[in-house]
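Pasting the sequence and the predicted model now:
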Amino acid sequence: MNQIFGSASDFYTVKIYRIEEIMPPELEWTEFSAYVESLRKVIDITDGSVVKKFDFQNYSDALLKYEEIYDDLRECELTEFNQKYGISRGE
């Protein structure tokens, strides 16, 4: 088992997405804001493929988590980051 050392940002990137679906045609205008608010927000930690996914309904919660992960990528060593986010790299 090999230990890999380095900054987490050397191994991972973080992305935030808003998952949209086509607005149903039967949706009334008064329901539109509720529909938009219900769209999923997803954060992925990737190393070329997704290694960890977070799912949110609220954009402000997703943004706070994204900022936390982004800061951790810059500040944490790889093993510390993996432990914090439960990522196993088969080390």
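Thanks, I have it.

what's next to stretch 13-20, contact-wise?
Stretch 13-20 is contacted by residues 39-47, 59, 62-63, 66, 69-70, 73 when judged by C-beta atoms under 8 Å, 6 or more residues apart in numbering. Glycine gets a C-beta too; all of them are placed from N, C-alpha and C.

Only the buried subset of these, as a ChimeraX command please.
Buried members of the contacts of stretch 13-20, defined by 16 or more other C-beta atoms under 10 Å, are picked up in ChimeraX with:
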select :41,43,44,45,62,66,69,73
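
Mind jotting down where the helices sit in this protein?
32-37, 59-75, 78-85 (DSSP state H).

now, of those helices, which is deepest in the fold?
With neighbours defined as mean count of other C-beta atoms under 10 Å, the helices of the chain peak in mean count at helix 78-85, which reaches a mean of 16.

Against which helices or strands is that helix packed?
In this structure, helix 78-85 packs against helix 59-75, with contacts taken as 3 or more C-beta pairs under 8 Å, 6 or more residues apart in numbering; DSSP states H and E.

Dump the helix it packs on to CSV, restricted to CA.
Presented in CSV, the C-alpha positions along helix 59-75 are these (Å, rounded to 0.1, in the frame of the first residue of the first chain):
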residue,chain,number,x,y,z
TYR,A,59,-28.5,27.3,-3.2
SER,A,60,-27.1,29.2,-0.2
ASP,A,61,-26.4,25.9,1.6
ALA,A,62,-24.7,24.5,-1.6
LEU,A,63,-22.6,27.6,-1.9
LEU,A,64,-21.5,27.5,1.7
LYS,A,65,-20.4,23.8,1.3
TYR,A,66,-18.7,24.6,-2.0
GLU,A,67,-16.7,27.4,-0.3
GLU,A,68,-15.8,25.1,2.6
ILE,A,69,-14.5,22.4,0.2
TYR,A,70,-12.7,24.9,-1.9
ASP,A,71,-10.8,26.3,1.2
ASP,A,72,-10.0,22.8,2.3
LEU,A,73,-8.6,21.9,-1.1
ARG,A,74,-6.2,24.8,-0.8
GLU,A,75,-5.3,24.3,2.9
